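Enquirer: just need the structure, nothing else, for what follows:
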Amino acid sequence: MAMEYKTSHRAYAAWNYRQEIEDLNRASEQGWQLVRGGCFYSRFVKNPDVRYRYQMDWRKVEDMGRYIETFREQGWEYVSSSFNGWHFFRKFYDPALKEEDYEIFTDRESLQAMTRRWSRVVMAISAVLLVVALIIIVQEIRTPNIPRLLQTLILLAACAFLMRGGFLMRSQGTIRPGDNTLLHGFLLFLVVGWAGMMALLILRPDFSIHQYTAELSEPYEDNRFAEFEVHYPDFYYLDLKIGADAPFAFSVVNEAGEAVYSVTGTDIDEENIRIRLKRGKYWLLSSCGAGFELESYLN
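Expert: Numbers count the residues shown, from 1 in each chain. Predicted coordinates:
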């Protein structure tokens, strides 16, 4: 008879790992036994003839064989490990045993050691995210734009979420069903926020132009030499380098022919010129009466 399997993609907050244990116990009672536990992916096999109680441990293991043997000696069967460091164990359910007999940590110090290990790692990750966010905030102050602002919000939200989890993990064990709802909302925010940020970056005009003319047969006025489209209002930034034998006029004009930026000179070298652009089409426009070299980059 073919074995029946099912897969679960439920996500759990690490500090609410006891809720995951309760769900594994409930699944076992219903005849579904864990084959492989993991983050966003757990595999079960249908076997109503047995019933287990599950436990989880989090640590970096140097000698996996010795680690498994240590728990086996205490009556725990090793099931699997997840990529993020959680190890799943189980023991046959005996209704004659007390609930404390199914605790994987036999003393408070062992439980505290496990929660401290996880808290230290998550606090270190939070610190790195905070530093990166602060660096981006400095960039945002100097050259503000919407994608970078969204990236900052995502990093700060992730930092706050993880730091909260680190503190909750140290509270050791109260099941908080609302935390998984919060986790799912946070994951949705990350996916939507990151996708939105990438879409905004893709939609930004991003091009460079290099023109060189040793001499002109005759001067020209209001020459439109590049067209681009802005999909959303924001600050955009122009790098401009001009070397000309005569005054060179450079402008960025909108569909109405209005100049949103203009400069005239024979020697211009500027970076991150801030231009506020609305949605619509724009052109680069130039006027010159002699030889020139132009380099421009817009993003």
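
Enquirer: please count neighbours and contacts with C-alpha atoms only from this point.
Expert: Noted.

Enquirer: please, where are all the strands along the stretch 51-200 of the chain?
Expert: Shown for the stretch 51-200 of the chain, the strands assigned by DSSP state E, counting those that start in this stretch span residues 52-58, 77-81, 86-92.

Enquirer: can you say which of the ones you listed is nearest to D206?
Expert: Nearest to D206 among these is strand 86-92; the distance by CA to CA comes to 43.9 Å.

Enquirer: check G166 and give its pLDDT.
Expert: Reading off the confidence values, G166 has pLDDT 82.

Enquirer: my bad, should have said R59
Expert: According to the predicted model, the pLDDT of R59 comes to 83.

Enquirer: grab the nearest non-local neighbour of it.
Expert: G85 (5.9 Å; CA to CA, 6 or more residues apart in numbering).

Enquirer: next, the buried residues of the helix or strand containing E221.
Expert: Per DSSP states H and E: E221 is located in strand 220-230. Counting neighbours by 16 or more other CA atoms under 10 Å, one finds that the buried residues in strand 220-230 are F228, V230.

Enquirer: tell me which other helices or strands it touches.
Expert: Using 3 or more CA pairs under 8 Å, 6 or more residues apart in numbering; DSSP states H and E as the contact criterion, the elements in contact with strand 220-230 are strand 280-288.

Enquirer: tell me how far the strand it packs on lies from the chain's centre.
Expert: Relative to the mean C-alpha coordinate of its chain, strand 280-288 is positioned 38 Å out (CA atoms, centre = their mean, to the nearest Å).

Enquirer: next SSE downstream of that strand?
Expert: Toward the C-terminal end, the helix or strand that comes next after strand 280-288 (DSSP H and E) is strand 292-298.

Enquirer: so which strand or helix has the closest residue to L34 other than its chain neighbours?
Expert: Closest residue to L34 in three dimensions, ignoring its sequence neighbours and counting by CA to CA, 6+ apart: F44, at 4.5 Å. Under DSSP H and E, the secondary-structure element containing F44 is strand 42-46.

Enquirer: strands paired with the strand holding E221, and their directions?
Expert: Partners of strand 220-230 in the sheet, by DSSP bridges, are strand 280-288 (antiparallel).

Enquirer: tell me the angle the partner strand makes with strand 292-298.
Expert: Between the axis of strand 280-288 and that of strand 292-298 there is an angle of 160 degrees, by axes from the mean of the first three to the mean of the last three CA atoms, to 10 degrees.

Enquirer: buried ones in strand 280-288, by neighbour count?
Expert: Neighbour-count burial for strand 280-288, with 16+ other CA under 10 Å as criterion, is recorded at Y282, W283, L284, L285, S286, S287, C288.

Enquirer: contact partners for the fourth one?
Expert: The contact partners of L285, taken as CA atoms under 8 Å, 6 or more residues apart in numbering, are D222, N223, R224, F225, A226, F250, S251, V252, V253.

Enquirer: the lowest-mean-pLDDT helix or strand in the chain: how far from the chain's middle?
Expert: Taking mean pLDDT, DSSP states H and E as the measure, the chain has helix 108-142 as its least confident helix or strand, at a mean of 85. A distance of 14 Å separates the C-alpha centroid of helix 108-142 from that of its chain, computed with CA atoms, centre = their mean.

Enquirer: quick revisit: what's the closest of the strands of the stretch 51-200 of the chain to T7?
Expert: For T7, the closest of these is strand 77-81, at 14.8 Å, according to CA to CA.

Enquirer: low-confidence ranges, the stretch 1-150 of the chain, go.
Expert: Along the stretch 1-150 of the chain, the parts satisfying pLDDT under 70 run over 1, 105-111.

Enquirer: shouldn't the residue nearest to L34 be in contact with M3?
Expert: No: taking CA atoms under 8 Å as the definition, F44 is not a contact partner of M3, at 10.4 Å.
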